[in-house]
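Q: Following is a predicted model, sequence given first.
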Amino acid sequence: VSYDTCSIAAPVLTGRSPRMAEVRRLIDKAGKSRSPVLLLGETGTGKEVVARAIHCTEGSGPFVPIDCSLLGTLLETELFGHARGAFTGAVINKTGLLEAAEGGTAFFDEVAECPLDMQAKLLRVLQDKEIRPVGSLARRRADFRTIAATNRDLAAEVEGGRFRRDLYYRLNVITLRLPPLRDRKEDVPELAQHFLRRHGAGQRVTPELLDAFLGYDWPGNVRELEGCIQRLVALNSGPELQARDLPTALAGALQARGDGFLPVLGSHQSREQAPRPALLSLRDAERQAILRALDHTAGDRGRAADLLGIGRTTLYRRLKEYGL
Ligand SMILES: Nc1ncnc2c1ncn2[C@@H]1O[C@H](COP(=O)(O)OP(=O)(O)OP(=O)(O)O)[C@@H](O)[C@H]1O
Ligand SMILES: [Mg+2]
């Protein structure tokens with residue numbers, strides 16, 4: 001396996017709002033130091049993009065993403081590696097993720113999901129800057145920069161006893177909070193253009209559509225906007241993206257605002273005549289939205305997550321939760 005270095009994948013960070021200017025300033029500062037960085041922000045606000053940008057500021061060594069929500073099931077050997085003969089089937093020496101990050105950045109994504117026993121092991125590695133692969137007596141150097149990210153309130157996790165305080169202090173040297181998209185709506189047009197260039201074929205956004213975008217709160221943040229543009233591109237064949245192809249959630253929100261904007265129920269019906277959909281619990285609504293997205297993408301979970309505006313790991317968690 002080889003990991004990204006910056007020559008291949010310098011990330012694009014779009015947005016000129018004052019909030020993003022501040023984020024850029026902090027990326028630059030954090031990038032020039034080797035201090036640990038903790039990235040906080042709602043889902044889809046760009047934590048992974050920012051992590052890569054920080055790593056690329058001084059640009060050396062590998063960038064190794066580690067999804068901490070998988071560490072419970074992931075064998076310890078993934079993280080620490082193992083020696084040949086450590087157990088039946090260990091026929092070669094295997095390099096762990098932490099060793100692979102040597103000289104670069106280990107990105108602990110969804111860090112709040114890290115199980116407590118793993119937190120203890122991680123803390124040791126960060127303190128000693130060395131690891132011992134499973135079944136090996138020799139220690140190996142593991143000196144890397146840490147960037148951790150979570151959409152939870154990590155301080156509250158510490159207070160609740162679900163996250164080790166000592167590990168929290170070690171990870172949280174520079175804190176960078178990513179603002180939700182609803183707090184920097186001035187970035188929406190530029191982001192929409194950016195995703196249209198990436199996913200579209202020369203289409204334009206109509207002023208009507210842009211209005212709709214600006215009136216919406218984007219709970220799934222930038223990822224939701226990207227998914228929305230992808231959807232509009234997929235459903236549209238003309239030179240302009242149409243508001244009538246908007247996802248139900250977005251159209252529904254506009255409708256609730258009373259913009260007289262009814263693409264989903266059909267624009268000929270007035271609001272009074274429109275059948276009132278049965279009220280669903282939030283859980284049922286979420287379950288249905290997931291099923292519909294999976295149906296739409298023929299079971300492709302990655303694309304379904306994009307359409308829903310949530311992260312893949314969040315989708316996997318929900319699928320498990322709902323027994324889907
Ligand atoms: N400022 C930005 N400019 C361009 N693209 C962005 C920006 N912020 C986010 N994106 C894009 O939005 C999507 C979501 O970003 P990212 O994966 O970094 O979010 P996240 O904060 O890690 O979300 P989660 O908590 O759900 O994992 C990605 O496709 C990313 O490229
Ligand atoms: Mg992420």
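A: Structure received. Ligands and ions are numbered 1, 2, ... in the order given.
Q: before we move on, which element is Pro65 in?
A: Assigned by DSSP states H and E, Pro65 falls within strand 63-67.
Q: who are the neighbours of that strand, in terms of helices and strands?
A: helix 47-58, helix 97-100, strand 105-109 (3 or more CB pairs under 8 Å, 6 or more residues apart in numbering; DSSP states H and E). The way it works is simple: take the backbone N, C-alpha and C, and place the C-beta from them, glycine included.
Q: how far off strand 105-109 does the longest one point, in degrees?
A: Here helix 47-58 runs at 170 degrees with respect to strand 105-109, directions being taken by axes from the mean of the first three to the mean of the last three CA atoms, to 10 degrees.
Q: ok, residues contacting helix 47-58?
A: 4, 6, 9-13, 23, 27-28, 30-32, 37, 39-41, 63, 65, 104-105, 107, 109, 145, 147, 149, 151, 176, 178 (CB atoms under 8 Å, 6 or more residues apart in numbering).
Q: Now that helix: buried residues?
A: Lys47, Glu48, Val49, Val50, Ala51, Arg52, Ala53, Ile54, His55, Cys56 (16 or more other CB atoms under 10 Å).
Q: near ligand 1, from the residues you listed?
A: Restricting the buried residues of helix 47-58 to those touching ligand 1 (CB under 6 Å from any ligand atom) yields Lys47, Glu48, Val49.
Q: thinking again about what came up before, what mean pLDDT would you report for the helix or strand following the strand holding Pro65?
A: As assigned by DSSP H and E, the chain's next helix or strand after strand 63-67 is helix 76-80. What helix 76-80 shows for mean pLDDT is 84.
Q: what packs against the helix or strand encompassing Val233?
A: Element membership of Val233 [criterion: DSSP H and E] is helix 221-235. With contacts defined as 3+ CB pairs under 8 Å, 6+ apart, helix 221-235 has these neighbours: helix 188-199, helix 207-214, strand 240-241, helix 301-308.
Q: List, one by one, the residues from this structure near ligand 1.
A: 12-15, 41, 43-49, 151, 194, 222-223, 226, 311.
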